[in-house]
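Q: Fold the stuff below for me.
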Amino acid sequence: MRHLAKVIAIGLFLLAGCTTLTVQTDYDTSYDFSNLKTYAWLEGKPPSNDIRINNSLIINRVVKAVNRNLQAKGYRLVDKDKADFFVNWFGGIETKIQQETIDTYYGYLGYYAPTWGYRGYWPHYLRTYTYEYQEGTLIVDIADSQSKQLIWRGTGQDYIDQTQTPEQITANINHTIAKILEGFPPGKSVKSR
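A: Numbers count the residues shown, from 1 in each chain. All right, here's what the predicted structure looks like:
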């Protein structure tokens, strides 16, 4: 019975982990984003020191997803010297620990016994389970091409399933980038969670 309860608790945690994407954006409120039409990628600095992220498989997936989303919004990829803004991205994976406490108290079970009056309670048990999981963070930065100053940043964080296929990894990156870039340019879209 204990094993079944633990399996159910872990299953619920993993199921909840599939929908944990959170997205935040920050931007320069004085910047006029309406003048932006063309972009180029910044190069040089790797997106992470973590080899799980800093490899051509992940880099290519992220770049393709960003390009697809920006071009769907009408922006054109051009050479650096012709770009209105620059795009770059960074990523990280962090090990996290979560504790879940399960309370099995179901309330008062009342019954009447003539010699004792009303009696009875269900047993009350608390169990705490500890889970270790991986949380990924993906950051998309947009900088003005003239001043080289950051004008917009989108951040997405989500639980990482270590058993994903390459197709699932690609789908998750595409989904995360789409949600992050929903907030670009500011004022033209609804923030999502």
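Q: what sits against residue 83?
A: 38, 39, 40, 145 (Cβ atoms under 8 Å, 6 or more residues apart in numbering). (Each C-beta comes from the backbone N, C-alpha and C, glycine too.)
Q: Just give the nearest non-adjacent residue to it, would you?
A: residue 40 (3.7 Å; Cβ to Cβ, 6 or more residues apart in numbering).
Q: Could you export the helix or strand hosting the one you found as PDB, keeping only the C-alpha atoms?
A: Counting by DSSP states H and E, the secondary-structure element that holds residue 40 is strand 38-41. Extracted in PDB, the C-alpha atoms of strand 38-41 (Å, rounded to 0.1, in the frame of the first residue of the first chain):
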ATOM      1  CA  THR A  38      15.300  43.600 -39.300                       C
ATOM      2  CA  TYR A  39      17.500  41.500 -36.900                       C
ATOM      3  CA  ALA A  40      20.800  39.600 -36.800                       C
ATOM      4  CA  TRP A  41      22.200  37.100 -34.400                       C
END
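Q: Would you map the helices across this structure?
A: Per DSSP state H, the chain has helices spanning 2-17, 56-72, 166-181. These are given in chain order.
Q: Show me what the longest one is packed up against.
A: Put plainly, it is helix 56-72. strand 76-77, strand 85-103, helix 166-181 (3 or more Cβ pairs under 8 Å, 6 or more residues apart in numbering; DSSP states H and E).
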